[in-house]
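Colleague: Okay, predicted coordinates and the sequence, questions at the end:
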Amino acid sequence: MSFGLARVLGLGGVVWALAGLAAWAAGTTVAAATPRPAHHGGTLRLALAEDPHTLDPTLVYSAADYMLLPLLYQPLVDIVEGNRVVDNLTTRWSFSADKRTLTFELRPGVRFSNGREAVAADYAAALERAVVVPSAWQQYAGEIQGAAEFASGAAKSLAGVSAPEPHKLVVALSRTDASFPYWMALNFGMALARETVPDWSKDVGGRPVGTGPYLVEEWVRGARLRLGRNPYCEQPAPPAFDKIEILLGVDESTQTMMFERGELDVASLAGGGVSAADFPRMRREPRWGEGWQEAPLFSVINLNFNVEMPPLDDLRVRRAIISAIDRRHFERLTGERMTPGHGLITPAMTGYDPTLPCPPSDPVRARALLREAGYPDGLPQPLKLWHLNTGAAPRWAQAVQSDLAAAGVRVELRGVTAAVFGDVTTRRRGAELALFANNANVPDPCTFLDPFHSRFIADEDAQNPCFYRSAAVDDLLGQASGCADEARRVALYQAAQRRILADAPTLILGHQKLFALRQPWLRGPLVEPIWWFRFDRVWKEGR
Amino acid sequence: MTTPTETPPPRWRRWLPGPLARRLAARLGWSVATLAGTAVFTFLLINLVPGDVARVLAGPKASPATLKEIRRKYHLEEPLPKRLGYYLAQVARGDLGRSLVTDQPVAEALLARLPATSALAALAVTGWMLMAVPLGVYTARHQGSWFDRGVLVAATLSLSLPSFWLAKMVQYWLAYRLGWFPVAGFRGLASLMLPALTLALLFVGFYARLIHTGMVEALASPYVRTARAKGVSETAILFRHALRNALIPVVTILATDTAALLGGVLFTENVFALPGIGSLAVQSVFNLDVPMIMGTVLFSALLVISANLVVDVLYRWIDPRIRAGW
């Protein structure tokens, strides 16, 4: 992340410094480690390729949904550089030594956009709803004590969540889970005003009432989303803009054109930041030099082998494919936006292991391995490679195809929509090869490693991406997930990672970096690995 | 001399519809059958596409239990005929359902998108007709001239252009490079100019040639020769006599094309980020949002079928020769 000193200083930085000083004087922990802008006014103009699915914090899941959440809600705690969890809307938070109980002391005076003060009961209700409503995060909320009983209706309240005082929230987990505080820095730590959610099963993302600096003024689906100031938001900082206008349904290259014409303040909000076709040109143009910001993402691009399907059930064939693929090929294809991959734990994550080997491609070794496996003339049948038909995935798939052709492995490409991809790759014997771009929500090694546990193998809806089974890995992952000692937990995950990579069920192609291009008048730290874009932390200078 | 007195028809026969009403009823019946057929065919086709809408709804990280719950809620695990039955019964009640992704009522989403699509269609049709009529008339009047041949070449080109390419070119040159129009979005009339121009350029060649052919035929007709012999002015011959007849086939095609445009212009709306029915259809397909896909297809089919019906009826009045066929 390029959180340069120049960006940190300035009025926003001063306000933040004063807030920090006041917090210190009051004898509390420091609130947030990132600068907060003061009110500068004006309108922030953005565009998205498609509508957010929802702005309901319980139901969101796509990147477009996620990046807008901090505008409408503020989490109780925040994740800062070094993957530390720090106070945000709390004056203090703590995690018990056995990593099973979290306690949050809320700041008084935090208000929803309807003017009511946010209290611990609101956050408790948000967690209860996360346990009950089917969503991408329901399984993670299931870690809370009594979740199963509450979700099934056997219990009238969620045993693990309590609000003993108006400004105190206690969350008890059913087992040791060192990664849970990260979830409280994401949507689990965001609350809607309870009175605005009469029916928990209903999506309230259309006009949510949260504690964030902005509120939804107008959302014309497919056309525009307009956010206005939340007049009650003062903590940790008031909103910097009067309005945020988001044009919806604008493709990546059109967003770039609009940006260059001065019609948008940020070039593109897609995964790559700027359209692939325009990226090299715009990186070279001196006029945009100061406008670039970058951040590593918790992202793994990998080629998964279904180890139950011949010939990929043979370790030598998998290793041959790994030897044949040139990982630098992908770096060249994406410019600076991908770094070659070593392991499943990304460079920005806790537990990153830079000692893992990342050997260059070796087609001669690949052919030798194939010969050894009984395929002297290469594989007799083409392998089917499934990939998404959007974004950079088709180009990456073509690169895999061309690299493997040199080693005598023919590949047929199957570019499909997300609905089809999700269906095929989670079905037993559904996809031989699949190209995945995984983005973690929490910077914890469990995100990418836990799915390799054999308990996630199933005939349908399998979460184990390679149908990979190893008793040793199961044991290591089991120990790691129940470990309260952070150093030991990370070491266990690293050991599991080494073991998995040795069995070669997957090839790590690289880790994505986010590049954002903003107009010269936009100030403040715009990009970061968790939310990708922090529009609540930027402001317009001189406007 | 006495004439035999005609026996008046029995009283009950007066209640029977006349031939026109019977034809109209038959046409309506066929229209409803076509619409129902479209609904069944589209529903089956969408469901033949492999894919799991539950994953679209809950995201790739949803647990098997969550996915199962979603499938149960939306009857996704029930047999196809049963789901088709649910859907047809719902449509018969006048309910197009709700989007699986946004939970918005499908009818409401279509109505919200209709203004952008209608405005674009109206502007595009006006634009291409304003260009096509003078071109068709002029080239017919000067058949074989260099201008006529030039228009023929241009028309062939315009017919062959891929719409997304033309839309991108128009956007790049007129909006991005020259800055004469907004690049994208729907913020008033100015935002519609480029998409309308794209559509107009795509259609003008075809209509110019259609009018040209009709005009050439009309100008060679005996009634035009008679008019000329009577000393009627050339302008009156062209516009009052020949053009009126040349426009008869144009009316049919124009009505169908307009209806098709109102059903959504997939590429043009997407390139210019217009919140119309076409962009809604594309997004729904990507999300495998079955009720929304069905809604956009049925809406489009309804428009085309209605346009055909209206043209069929209007033709009776436009061209008396056609009455015999009714």
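Modeller: Looks like it came in fine. Residues are numbered from 1 along each chain as shown, chains lettered A, B, ... in the order given.

Colleague: From here on, just use CA atoms for contacts and neighbour counts.
Modeller: Noted.

Colleague: what's the helix or strand for the closest residue to B:Ala119 other than its chain neighbours?
Modeller: The shortest distance from B:Ala119 to any non-neighbouring residue, by Cα to Cα, 6 or more residues apart in numbering or on different chains, is to B:Leu192 (7.8 Å). Per DSSP states H and E: B:Leu192 is located in helix B:189-219.

Colleague: after that helix, next one along is what?
Modeller: Downstream of helix B:189-219, the first helix or strand assigned by DSSP H and E is helix B:222-229.

Colleague: Quick check: pLDDT value at residue 7.
Modeller: Picking chain A for this. As predicted, A:Arg7 sits at a pLDDT of 32.

Colleague: let's do chain B instead
Modeller: As predicted, B:Thr7 sits at a pLDDT of 70.

Colleague: ok, it to A:Ala471 distance?
Modeller: B:Thr7 sits 99 Å away from A:Ala471, taking Cα to Cα, to the nearest Å as the criterion.

Colleague: before we move on, what about A:Ser96?
Modeller: Separation of A:Ser96 from A:Ala471 (Cα to Cα): 31 Å.

Colleague: Give me the more crowded residue out of these two.
Modeller: Set A:Ser96 next to A:Ala471 and count neighbours by other Cα atoms under 10 Å in any protein chain shown: A:Ser96 wins out with 13 against 10.

Colleague: Write out the residues of the stretch 301-450 of chain A neighbouring chain B.
Modeller: Neighbours of chain B within the stretch 301-450 of chain A, by Cα under 8 Å from any Cα of the partner chain: A:Thr417, A:Ala418, A:Ala419, A:Val420, A:Phe421, A:Gly422, A:Asp423, A:Val424.

Colleague: Can you tell me which of the residues you listed is nearest chain B?
Modeller: Nearest to chain B out of these is A:Val420 (Cα to the nearest Cα; 3.7 Å).

Colleague: who's in contact with that closest one?
Modeller: By Cα atoms under 8 Å, 6 or more residues apart in numbering or on different chains, the contact set of A:Val420 is B:Pro50, B:Gly51, B:Asp52.

Colleague: does A:Thr339 sit in a helix, a strand or a coil?
Modeller: Classification of A:Thr339 by DSSP: H, G, I helix; E, B strand; the rest coil places it in strand.

Colleague: which non-adjacent residue is nearest B:Leu28?
Modeller: B:Leu309 (7.8 Å).

Colleague: you'd agree the one you found is up against B:Ala26?
Modeller: No. Using Cα atoms under 8 Å, B:Leu309 is not in contact with B:Ala26; the gap is 10.9 Å.

Colleague: if you count what's nearby, which of these two comes out ahead?
Modeller: Shown here are B:Leu309 and B:Ala26; by other Cα under 10 Å, B:Leu309 has more neighbours (16 against 12).

Colleague: which parts of chain A sit against chain B?
Modeller: Residues of chain A lying close to chain B (Cα under 8 Å from any Cα) are A:50, A:53-54, A:59, A:61-62, A:134-139, A:203, A:221-223, A:247-251, A:254, A:257-258, A:261, A:417-424, A:461-463.

Colleague: Show me the helices in chain B, by range?
Modeller: Counting by DSSP state H, the segments of chain B that form helices are B:19-48, B:53-58, B:64-73, B:80-92, B:106-141, B:146-160, B:163-170, B:189-219, B:222-229, B:234-236, B:243-262, B:266-271, B:277-287, B:290-318.

Colleague: So which of the ones you listed is the most surrounded?
Modeller: Mean neighbours per residue, mean count of other Cα atoms under 10 Å in any protein chain shown, is largest over the helices of chain B for helix B:53-58, with a mean of 26.

Colleague: Look up phi and psi at the residue nearest the centre of chain A.
Modeller: The residue lying closest to the centre of chain A (Cα atoms, centre = their mean) is A:Asn441, at 3.4 Å. For A:Asn441, the backbone dihedrals are phi -90, psi -30 (criterion: degrees, to the nearest 10).

Colleague: Over to the one 5 residues further on?
Modeller: According to degrees, to the nearest 10, the main-chain angles of A:Cys446 amount to phi -60, psi -30.

Colleague: Kindly report the same for the one 5 residues further on.
Modeller: Per-residue torsions, A:Pro451: phi -60, psi -20 (degrees, to the nearest 10).

Colleague: before we move on, what about A:Asp313?
Modeller: With angles defined as degrees, to the nearest 10, A:Asp313 sits at phi -80, psi -10.

Colleague: try A:Ser162
Modeller: phi -140, psi 150.

Colleague: Would you mind naming the residues that bridge with it?
Modeller: Beta-bridge partners recorded for A:Ser162 (DSSP bridges): A:Val170.

Colleague: who's in contact with it?
Modeller: So A:Ser162 contacts A:Ala121, A:Ala124, A:Leu169, A:Val170, A:Val171 (Cα under 8 Å, 6+ apart).

Colleague: Please apply the same query to A:Glu128.
Modeller: A:Glu128 neighbours (Cα under 8 Å, 6+ apart): A:Leu158, A:Val161.

Colleague: returning to what we had before: keep only those of the residues of chain A next to chain B that are in helices.
Modeller: Mapping those onto helices (DSSP H) picks out A:Gln138, A:Gln139, A:Thr254, A:Met257, A:Met258, A:Ala418, A:Ala419, A:Val420, A:Phe421, A:Gly422, A:Asp423, A:Val424.

Colleague: Thought B:Gly179 was touching the fifth one, still the case?
Modeller: No. With contact defined as Cα under 8 Å, A:Met258 does not reach B:Gly179; the gap is 10.2 Å.

Colleague: the more surrounded of the two?
Modeller: Remark: of A:Met258 and B:Gly179, A:Met258 carries more neighbours, 25 against 13, as counted by other Cα under 10 Å.

Colleague: and A:Val161, how many neighbours does it have?
Modeller: Residues lying near A:Val161 (other Cα under 10 Å) number 24.

Colleague: okay, now the closest residue to it other than its chain neighbours: neighbour count?
Modeller: Using Cα to Cα, 6+ apart and skipping the chain neighbours, the partner closest in space to A:Val161 is A:Val171 (4.7 Å). A total of 22 residues lie near A:Val171 under the criterion other Cα under 10 Å.

Colleague: List the contacts of A:Val171.
Modeller: Neighbouring residues of A:Val171 by Cα under 8 Å, 6+ apart: A:Thr101, A:Leu102, A:Thr103, A:Ile144, A:Gly160, A:Val161, A:Ser162.

Colleague: Now for the closest residue in space to A:Gly189 that isn't next to it in sequence: which residues touch it?
Modeller: Excluding its sequence neighbours, the residue lying closest to A:Gly189 (Cα to Cα, 6+ apart) is A:Pro75, at 4.6 Å. Counting by Cα under 8 Å, 6+ apart, A:Pro75 touches A:Asn88, A:Leu89, A:Met184, A:Ala185, A:Leu186, A:Asn187, A:Phe188, A:Gly189, A:Met190, A:Ala191.

Colleague: How about B:Ala116?
Modeller: Contacts for B:Ala116 were tallied using Cα under 8 Å, 6+ apart; they are B:Phe186, B:Leu274, B:Pro275, B:Gly276.
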